[in-house]
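>>> Predicted model, plus sequence, below.
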Amino acid sequence: MATQKRMMRVLAGETLSPPPIWMMRQAGRYLPEYRATRTKAGSFLDLCYNPELATEVTLQPIRRFGFDAAILFSDILVVPHALGRDLRFEEGRGPLMTPISGKEIGRLTGDQVVARLGPVMEAVSRIRGELADETTLLGFCGAPWTVATYMIAGHGTPDQAPARLFAYREPQAFAALLDLLADVSADYLAAQLRAGADAVQIFDSWAGVLDDASFAAFCVKPVARLVKRLRAAVPDARIIGFPRGAGLRYRAYRAATGVDALALDWSVPFDLAAELQGEGAIQGNLDPMRLVAGGKALAEGIDAILERLAGGPLVFNLGHGVTPQTPVEHVAEMVRRVREFSR
Ligand code: CP3
């Protein structure tokens, strides 16, 4: 029998009223209990690799808001870390890595990645053990392009110019890096699903900075490779793709990669979102700043999404991650308003 989890039913194409709801980055600094656990853990990476504390912070937003899905607490950059690249997170500066060279790419090997990420899989199975049956557990990874941008620049940048330049100057090394990341990420997601995740999301946060040819080569092609390899290992894997900023290319992205559902950023027009819903589930797409503002801006943003998109398969979410300055009461208000909706 098919699963009864509300979120899984929508990912399979059903329309539910009210729609299931969760929030990207729902475990994080806007929650006082997260900040307390994070201090206890020491560093952000210590928290990611501590199965007990990672389980605790994954469950915190579920206890508070009763979301339909929990997302594993980790980071997309644990994959390059498991490939042997150095990684640290500095207060207020985000991730820092040593920029990789073309020569170093040639020496990377993926054999140890899943074994080194054992603590993550241990967290997944602990979380599944503690979650209610009706709550979906999401695993995740970064898409090859987005992970590669941090490996090449060594830090976040506004438009990923260093990675774009590297890709044009050293096309062979760059293609090899994307292939390797696609393969290890597929194996990593398969391990998360085997450990107890119900579905997975692929975060391609920097998909929006590429021209047409590069979008096809650096986003679509490696994600298609990842999805194919993942489905070879776990045939019924449910996969959400999030090519943030893909705009008109969202449709081609689902068709060419084979992801089940599309997570939409808040710039996607409702007309396009409704068309995309004709081909499968969508997730999104409230502007996180409406959630910070609260009041009328929040109510209007929520209502517009429900009016335009709740008639088809929709997972209510933000168009990107929740930000640290978000008042906790606004999140509770959003959940209440979405749950009151009926068609
Ligand atoms: O959604 C969740 O609650 C699960 C956990 C999660 C984190 N990062 C925790 C985190 C997920 C799914 C991610 C994904 C991630 N990480 C992405 C893709 C999604 C996106 O937001 O675009 C990216 C690009 C990263 C890399 C990363 N990690 C950056 C750029 C930063 C710094 C920015 C920031 O918010 O501080 C991080 C740090 C990070 N990852 C934090 C959290 C809770 C904050 C660190 C802290 O607690 O000190």
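Good, I have the coordinates.

>>> Burial check on Ile105, number of neighbours?
Applying the criterion other CB atoms under 10 Å, we find 20 residues in the vicinity of Ile105. All C-beta spots, glycine's among them, are computed from the backbone N, C-alpha and C.

>>> outside of whichever helix or strand it is part of, which residues touch it?
Mapping Ile105 onto the secondary structure by DSSP states H and E places it in helix 102-107. The list of residues contacting helix 102-107 from outside it, by CB atoms under 8 Å, 6 or more residues apart in numbering, reads 166, 170, 173-174, 176-177, 180.

>>> can you rerun that using 7 Å?
By CB atoms under 7 Å, 6 or more residues apart in numbering, the surrounding residues in contact with helix 102-107 are 170, 173, 176-177.

>>> Now list the buried members of those.
Taking 16 or more other CB atoms under 10 Å as the criterion, what is buried in the contacts of helix 102-107 is 170, 173, 177.

>>> what's across from Ala69 in the sheet?
Using DSSP bridges, the bridge partners assigned to Ala69 are Thr136.

>>> all strands for the stretch 51-200 of the chain, in order.
Ranges of strands within the stretch 51-200 of the chain are 69-71, 88-90, 94-96, 136-142, 199-204, based on DSSP state E, counting those that start in this stretch.

>>> For these, please prepare TSV with the additional fields mean pLDDT and distance to the ligand.
Listed next are the strands of the stretch 51-200 of the chain as TSV, based on pLDDT from 0 to 100; distance: least, CB to the nearest ligand atom, whole Å:
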stretch	mean pLDDT	distance to the ligand
strand 69-71	98	5
strand 88-90	93	6
strand 94-96	95	3
strand 136-142	98	5
strand 199-204	98	4
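
>>> and Pro19, which of those is closest to it?
strand 69-71 (11.7 Å; CB to CB).

>>> which bits of the stretch 1-150 of the chain sit near the ligand?
Within the stretch 1-150 of the chain, the residues that sit near the ligand (CB under 6 Å from any ligand atom) are 24-29, 38, 44, 71, 73, 75-77, 89, 94-95, 140, 142, 146.

>>> and the residue of the stretch 201-343 of the chain found nearest the ligand, how many residues sit next to it?
Each residue of the stretch 201-343 of the chain has a distance to the ligand, by CB to the nearest ligand atom, and the smallest belongs to Ser205, at 3.2 Å. Neighbourhood size, Ser205 [other CB under 10 Å]: 24.
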